[in-house]
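>>> what's the 3D shape of this:
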Amino acid sequence: MRTGVRWLLGPPQPFPGQPRNLSRLMLNRTVEIAPSILSADFSCLGEQIRAVERGGAGVLHVDVMDGHFVPNITVGLPVVKSLSGFTQLPIDAHLMITDPGTYAKQFVSAGAQMVSVHVEADAHLHRTLMSIRDAGAQAGIVLNPATPVGAIEEALQFADYVLVMSVNPGFGGQKFISQSIGKVKRLRRLIEERQLNVRIEIDGGIDRYNIETVVAAGAEIIVAGSAIFGTPDAEAAVKELRNATIQWV
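Numbering: from 1, shown residues only. Predicted structure coming up:
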């Protein structure tokens, strides 16, 4: 059986209940590295996944692109289903697609344990988040670089995590957008003020030079593609990124 994603205060509830202890939210952190297979060599994908497992990866990030919401086409349901039977890592399906509400539950059925959708692409975000949770997965909201944190204030209580894009979605290997640090900090403050059990994920341009900065800002799930699969040794790359976050755990 696959291992689940570790949460700070136990599994999130569908709706917020009693306020949680704020000091626990700030201090009891679990930082996880989430290798993105977008940057992997698909001719030996199984070998590369085994390497990041040995390196201590906590999540496997799968970018799903449809060529409409973003200018690229990647993988879909069959790949997620195949991966779910291959790896023990929780699969994090990032849906960069139009009309994500139509497909979100299908990705849960295929084996994804985390499914995130873009606020920019979903006119019925609450309904989609609830459908993901009802299907048994963690529900995430994604923010593009130019989308403010305020765009998800009303939906935040219905999410299990928020994915902050630190590059414009669609392609791997892009340069980190430094303004994302301020967005992570604002999001962290909002989560703590409301005492919500919501984790922050960040994706785009993360490497060994900036990972400490994003974790210090409040990010807990760190997506990395080129910094892992673009190196000669993916296992060692994951270990290096993990070691850089030890002081924050």
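>>> And the strands in the chain?
32-35, 60-65, 91-96, 114-118, 138-143, 161-165, 199-203, 221-224 (DSSP state E).
>>> Same list, these, but as TSV with mean pLDDT and mean neighbour count please.
Placement of C-beta: from N, CA and C, glycine included. Shown next, in TSV, are the strands of the chain (pLDDT from 0 to 100; neighbours: other CB atoms under 10 Å):
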stretch	mean pLDDT	mean neighbour count
strand 32-35	98	27
strand 60-65	97	25
strand 91-96	98	28
strand 114-118	98	29
strand 138-143	98	24
strand 161-165	98	26
strand 199-203	98	26
strand 221-224	97	26
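>>> Those strands: which one's closest to residue 72?
strand 60-65 (4.7 Å; CB to CB).
>>> Turn the strands of the chain into a markdown table, including distance to residue 183.
A markdown table is the format used below for those (distance: least, CB to CB, whole Å):
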| stretch | distance to residue 183 |
| --- | --- |
| strand 32-35 | 18 |
| strand 60-65 | 19 |
| strand 91-96 | 17 |
| strand 114-118 | 15 |
| strand 138-143 | 7 |
| strand 161-165 | 6 |
| strand 199-203 | 9 |
| strand 221-224 | 15 |
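>>> out of those, nearest to residue 154?
Nearest of the strands of the chain (CB to CB): strand 138-143, 10.9 Å.
>>> what's that closest one packed up against?
With contacts taken as 3 or more CB pairs under 8 Å, 6 or more residues apart in numbering; DSSP states H and E, strand 138-143 sits against strand 91-96, strand 114-118, helix 125-134, strand 161-165.
>>> Dump the ones you listed into TSV; add distance to residue 37 as well.
As requested, the helices and strands packed on strand 138-143 are exported to TSV (distance: least, CB to CB, whole Å):
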stretch	distance to residue 37
strand 91-96	10
strand 114-118	14
helix 125-134	21
strand 161-165	16
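>>> Point out the one among the ones you listed that comes closest to residue 232.
Closest to residue 232 of these, according to CB to CB: strand 91-96, at 25.0 Å.
>>> List every C-alpha atom in stretch 130-143, with coordinates, as PDB.
Output of stretch 130-143 as PDB, limited to C-alpha atoms (Å, rounded to 0.1, in the frame of the first residue of the first chain):
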ATOM      1  CA  MET A 130     -14.900  19.200  -2.600                       C
ATOM      2  CA  SER A 131     -15.100  16.600  -5.300                       C
ATOM      3  CA  ILE A 132     -11.400  15.800  -5.000                       C
ATOM      4  CA  ARG A 133     -11.800  15.500  -1.200                       C
ATOM      5  CA  ASP A 134     -14.900  13.400  -1.500                       C
ATOM      6  CA  ALA A 135     -13.000  11.100  -3.900                       C
ATOM      7  CA  GLY A 136     -10.400  10.500  -1.100                       C
ATOM      8  CA  ALA A 137      -7.500  12.700  -2.200                       C
ATOM      9  CA  GLN A 138      -5.900  16.000  -1.000                       C
ATOM     10  CA  ALA A 139      -7.200  19.000  -2.800                       C
ATOM     11  CA  GLY A 140      -4.900  21.800  -3.900                       C
ATOM     12  CA  ILE A 141      -5.300  25.300  -5.400                       C
ATOM     13  CA  VAL A 142      -2.700  26.600  -7.800                       C
ATOM     14  CA  LEU A 143      -1.700  30.300  -8.200                       C
END
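>>> the helices in the protein, which residues?
Residue ranges of the helices in the chain, as given by DSSP state H, are 22-27, 45-55, 77-84, 100-110, 125-134, 180-194, 211-217, 226-229, 234-244.
>>> Which stretch among the ones you listed is buried most, on average?
Across these, averaging neighbours per residue (mean count of other CB atoms under 10 Å) puts helix 226-229 on top, at a mean of 24.
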